[in-house]
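S.K.: need coordinates for the below:
(one chain, ligands or ions: 1)
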Amino acid sequence: MRRISVFQKSLFVLILVASSTKVSAADGLPALDKTAANKISFRKDVWPIVKRHCWGCHSGMDAKGGLNMDSVTTMLKGGDSGGMFEPGKPDDSLLVEMITGDEPAMPQKQPPLSMAKINILRGWILAGAKDDSKPGDTQPTVKIPRTYKFAPAINSLSISPDGKLLAAACRSEVVVMNVDGDPAPRRLPTECDLLTHVEFSADGKLLVAIGGSPSRYGEVRFFNPADGKLVAARRVGHDTLFRGSFAPDSKAVATGGSDGAVHIVPVDPKAKVRSFSLHSDWVLDVAYTPDGKMLITGGRDNATKVCSVETGRLLRTIDMSSERITAVDSTAEFAFSSGKARTLNGFEYKIALQGIEVTGSGNGSRPVSRRNQYVKGLETQPGEVLDIAVSGDRKLLAIAGAFGEVRVYNTADRKRVTLIGKIPAPIYSVTLNTDGSRLAIGSKSGQVLLYEVPSGKQLKTFAPVPVASQDGVAAK
Ligand code: HEC
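M.R.: Predicted structure coming up:
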């Protein structure tokens, strides 16, 4: 398949280039054929290139260089430096200048466009940059229904530090509900196809939503939970971001990427994102230690790791599971991780990181093999684990997954405190409030259930978004 498509592309360039009515070209660029150029469709030929290579950075509220490439109209308008091209004159344009040459400036930090793609863009401009798109062809694909046909799964949940608000990640929107049930929930839209994480900051002043669009961009949005206003938004990388964690000082979030990196994204939109490559596969969850000095990470490479926030350096791979690690969390004494293998382990930092300095020039290469001394196993779970939550006071830990129960443990002695059963499975998300007296779970069926701990008494059921038919709630 791939061979054929490359062949087809080069054929296309050939048709485009080798012809009679040649138009003079800029330095090093092949001449274009006007007849072939006239056949180029914005919708079929140009937009797929823009969408794949440019749109992730040049769209939405944080469009780079002030350039929004959502449509032909916005492309004609151009960015901070003015027009990007004039129809009919591809080779005098900023656009072609940016994507050609020995080291093309665009797409930034990515491989240059192939000559075939460059010539499609040039040919389209040459032929007058005509717009044959229909409404909806090129607009962001993220559409948030007023009323859902089927309730979206609840991928992540968070209870505000004062216990009054409950935030849920529902596909592309964050829904902030009042725990008392009154007034109506507040729906906060994002430009993510899918949100993977929501969390209130420890000071309660911010709410973060993390997610993105596959093969396009990761997105992090900070909201003010008091009025629902957007505080800052930014795009990070070129793929959906996974779960993360708010820094204890409320100034940044750390989140996992499909590139094996952990990204520390500051709330301040002018401060730089820091990214460290730690895993050899997707980083599915990240948690800060309560002092904000270390990050614990778990990934699809089955590893649980600890790194320094200051240096970004790996301190130690504290565990290798036989299956992927989907959830991690931390108290001052222990890192916790779990995943598909169903085992739940605590790792005692004091022993696991002995001889390893957290900041400065740590000697990470020192051989340590005290695994049996620092690993403190908890109960094996009945199925694949999907989420772990620690209460704000770090005294309790709750765990949930592809099975119809949630278990809660004391983090100090790792004894089970309560088991809440008969919950519709799978459970995608779990959260605890500050003192561990309330627990909320989010299920695949789209419901949010609130419980009292340790009694296990169910207090409430929330349906965060309006759903057309009640059947939808129970849909698989
Ligand atoms: C990874 C992000 C990223 C991608 C992908 C990307 N750009 Fe950019 N682009 C930027 C940034 C950032 C700027 C702002 C100027 C700078 O810092 O170089 C910019 C600026 C520009 C400008 C100048 C805007 C102005 O008016 O000043 C043009 C034109 C441009 N990009 C075209 C493209 C095209 C065409 C593509 C796709 C082939 C593309 N970019 C892909 C990040 C990106």
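
S.K.: which SS state does the residue in the stretch 151-300 of the chain that the ligand sits nearest to fall under?
M.R.: Taking C-beta to the nearest ligand atom as the measure, the stretch 151-300 of the chain has His238 as its residue closest to the ligand, at 7.4 Å. No exception for glycine: its C-beta is placed from N, CA and C like everyone else's. Classification of His238 by DSSP: H, G, I helix; E, B strand; the rest coil places it in coil.

S.K.: my guess is it contacts Pro214. True?
M.R.: No. Under the contact definition of C-beta atoms under 8 Å, His238 does not touch Pro214, with a separation of 9.5 Å.

S.K.: these two: who's more crowded?
M.R.: Taking neighbours as other C-beta atoms under 10 Å, His238 and Pro214 compare with His238 leading, 22 against 11.

S.K.: what about Lys149, how many residues nearby?
M.R.: 12.

S.K.: now swap in Asp62 and tell me
M.R.: Residues lying near Asp62 (other C-beta under 10 Å) number 16.

S.K.: ok, now Ser275?
M.R.: 16.

S.K.: now do the SS call for it.
M.R.: Once three-state DSSP is applied, Ser275 turns out strand.

S.K.: so the spatially most central residue of the chain, which state does it fall into?
M.R.: Note on the chain: the residue nearest the mean C-alpha position is Leu241, at 2.0 Å, using C-alpha atoms, centre = their mean. Counting by three-state DSSP, the backbone at Leu241 sits in coil.

S.K.: need the contact list for it.
M.R.: Leu241 makes contact with Thr196, His197, Ile210, Gly211, Gly212, Gly218, Glu219, Val220, Thr255, Gly256, Gly257, His263, according to C-beta atoms under 8 Å, 6 or more residues apart in numbering.

S.K.: switch the cut-off to 7 Å
M.R.: By C-beta atoms under 7 Å, 6 or more residues apart in numbering, the contact list for Leu241 reads Thr196, Ile210, Gly211, Gly212, Gly218, Val220, Thr255, Gly256, Gly257, His263.

S.K.: sitting in strands, which of those residues do you find?
M.R.: In strands, judged by DSSP state E, the following of the contacts of Leu241 are found: Thr196, Ile210, Gly211, Gly212, Gly218, Val220, Thr255, Gly256, His263.

S.K.: turn these into a markdown table, including neighbour count and distance to the ligand.
M.R.: What follows is the ones in strands among the contacts of Leu241, written out as a markdown table (neighbours: other C-beta atoms under 10 Å; distance: C-beta to the nearest ligand atom, whole Å):
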| residue | neighbour count | distance to the ligand |
| --- | --- | --- |
| Thr196 | 23 | 21 |
| Ile210 | 30 | 18 |
| Gly211 | 29 | 18 |
| Gly212 | 29 | 13 |
| Gly218 | 28 | 11 |
| Val220 | 27 | 15 |
| Thr255 | 29 | 17 |
| Gly256 | 31 | 19 |
| His263 | 24 | 14 |
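
S.K.: quick one: which of those residues is nearest Asp285?
M.R.: Asp285 lies nearest to Gly256 out of these, by C-beta to C-beta, at 6.3 Å.

S.K.: can you list the residues of this protein near the ligand?
M.R.: 53-54, 56-58, 64-67, 78-81, 84, 94-95, 98-99, 105-110, 113 (C-beta under 6 Å from any ligand atom).

S.K.: pLDDT weak spots in the stretch 251-400 of the chain?
M.R.: Within the stretch 251-400 of the chain, the ranges that satisfy pLDDT under 70 run 357-369.

S.K.: one more time with 50
M.R.: 360-362, 364-365, 367 (pLDDT under 50).
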